[in-house]
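K.L.:
Next comes the sequence, and after it the predicted model I'd like to discuss.
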Amino acid sequence: MTHFLDIHKTDPADLRVIIDAAATMKQARHGRPKGALDDEQPLSGRMVAMIFEKPSTRTRVSFDVGVRQMGGQTMVLSGSDMQLGHGETIADTARVLSRYVDMIMIRTFDESVLSEMAEYADVPVINGLTDRTHPCQIMADVMTYEEHRGPITGKKVVWAGDGNNVCASLLHAAGQFGFDLTFTGPAQLDPEDEFVGLARSKGSSIVIERDAFKAVEGADLVVADTWVSMHDAQSARERRHNMLRPYQVNESLMSAAKPDALFMHCLPAHREEEVTSKVMDGPQSVIFDEAENRLHAQKAIMRWCLDV
């Protein structure tokens with residue numbers, strides 16, 4: 001069974017196939033109405049279940065639109081609908097869903113829910129996000145960088161802020177696509193040693209640099225994410241703001257990177273917190289191309305999983 005669970009669990013050659021296919025499908029849609037079906041309809045007659053234990057805007061819309069553009073249909077299930085692992089086991093849920101649908105995309109909290117779903121499902125499972133990783137987002141980010149600046153191999157990417165789940169998948173991508181990554185943020189929020197080690201084991205240079213301005217020297221790409229989760233209490237938000245304020249991406253920080261460096265953010269963003277509006281709306285920002293490319297990258301992932 002071909003699942004898409006994490007970037008480091010997918011062969012680099014397959015990752016390249018996905019990125020190239022995404023670019024081809026995006027180009028094929030140039031000038032077409034957004035709601036139009038693709039010329040190819042590889043998901044015609046297929047049903048995709050989308051499970052959301054965590055709320056979502058971009059993931060839900062991009063997967064839903066992508067399935068429909070390729071001629072398929074979607075079934076959206078919330079955490080309250082499913083109550084995964086409560087009453088019925090995740091394994092039994094996976095077995096039952098496999099009798100009804102052709103593919104499952106799940107956005108959940110605990111990584112173990114994703115793993116168990118994939119273990120017992122008889123259809124492909126795609127990781128739409130867990131608390132540890134967010135591989136679909138980073139596939140879109142790689143695609144976005146390459147459509148603006150060419151191959152990402154050998155480039156210097158800087159992550160500023162919290163070593164969270166998006167940062168984890170970026171580290172996985174560093175190892176698989178062959179770019180270097182510098183993390184700049186407070187020690188309390190460093191990425192997991194396991195993820196750093198995986199990237200280094202593949203030959204990527206992974207640097208931890210507390211000084212944000214030193215970190216971005218020579219950077220080809222600067223990436224940030226929100227400082228707080230929607231689930232954080234107010235007191236936790238204040239503590240995190242105090243820790244992360246030196247790592248705000250602003251015009252001064254971007255000026256220390258290469259002149260043609262790009263800025264990315266997976267959105268939603270808290271303007272004037274982790275990044276200023278001048279950077280988000282400035283000439284180096286590609287955040288809305290990045291958001292659009294979630295659609296194209298995920299369509300390519302779904303086709304790869306189904307081999308269609």
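P.N.:
Thanks, I have it. If you're wondering where the values come from, they're calculated on a predicted model, not measured in any experiment. Numbering: from 1, shown residues only.
K.L.:
The stretch 1-150 of the chain: helices as residue ranges?
P.N.:
For the stretch 1-150 of the chain, the helices defined by DSSP state H, counting those that start in this stretch cover 12-28, 58-69, 79-82, 90-100, 111-120, 135-149.
K.L.:
Can you say which of these is packed in most?
P.N.:
The highest mean neighbour count among the helices of the stretch 1-150 of the chain, using mean count of other Cβ atoms under 10 Å, belongs to helix 135-149: a mean of 24. For the C-beta atoms, the positions are set from N, CA and C on the backbone; glycine is no exception.
K.L.:
now for that one, which elements pack on it?
P.N.:
Helix 135-149 sits against helix 12-28, strand 125-129, helix 165-177, strand 262-265, helix 287-306, with contacts defined as 3 or more Cβ pairs under 8 Å, 6 or more residues apart in numbering; DSSP states H and E.
K.L.:
same question for that helix, mean pLDDT?
P.N.:
Averaging pLDDT along helix 135-149 gives 98.
K.L.:
Tally up the residues packed near V123, please.
P.N.:
Residues near V123, counting by other Cβ atoms under 10 Å, number 23.
K.L.:
Chain neighbours aside, what residue packs nearest to C305?
P.N.:
In space, and not counting its chain neighbours, C305 is closest to P124: 3.7 Å by Cβ to Cβ, 6 or more residues apart in numbering.
K.L.:
That neighbour and M117, how far apart?
P.N.:
According to Cβ to Cβ, to the nearest Å, P124 stands 11 Å off from M117.
K.L.:
now F177
P.N.:
In terms of Cβ to Cβ, F177 sits 27 Å off from M117.
K.L.:
can you map out the helices along the stretch 201-308 of the chain?
P.N.:
Using DSSP H, counting those that start in this stretch, helices in the stretch 201-308 of the chain cover 212-215, 234-244, 251-255, 277-280, 287-306.
K.L.:
looking at those, which has the lowest confidence?
P.N.:
For these, mean pLDDT drops lowest on helix 234-244, to a mean of 86.
K.L.:
thinking again about what came up before, please work out which of the helices of the stretch 201-308 of the chain is packed deepest.
P.N.:
Taking mean count of other Cβ under 10 Å, helix 287-306 is the most buried of those, at a mean of 22.
K.L.:
export the helices of the stretch 201-308 of the chain to TSV and tack on distance to E40?
P.N.:
Shown next, in TSV, are the helices of the stretch 201-308 of the chain (distance: least, Cβ to Cβ, whole Å):
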stretch	distance to E40
helix 212-215	43
helix 234-244	44
helix 251-255	40
helix 277-280	35
helix 287-306	9
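K.L.:
A94 touches L114, doesn't it?
P.N.:
No - assessed by Cβ atoms under 8 Å, A94 is found out of contact with L114, at 10.5 Å.
K.L.:
Can you check which residues contact both of those two?
P.N.:
V125 (Cβ atoms under 8 Å, 6 or more residues apart in numbering).
K.L.:
neighbours of the residue lying closest to Q73 once chain neighbours are set aside, just the number please.
P.N.:
Leaving aside its sequence neighbours, Q73 sits nearest to M47 (Cβ to Cβ, 6+ apart; 5.3 Å). A count of neighbours around M47, defined by other Cβ under 10 Å, yields 15.
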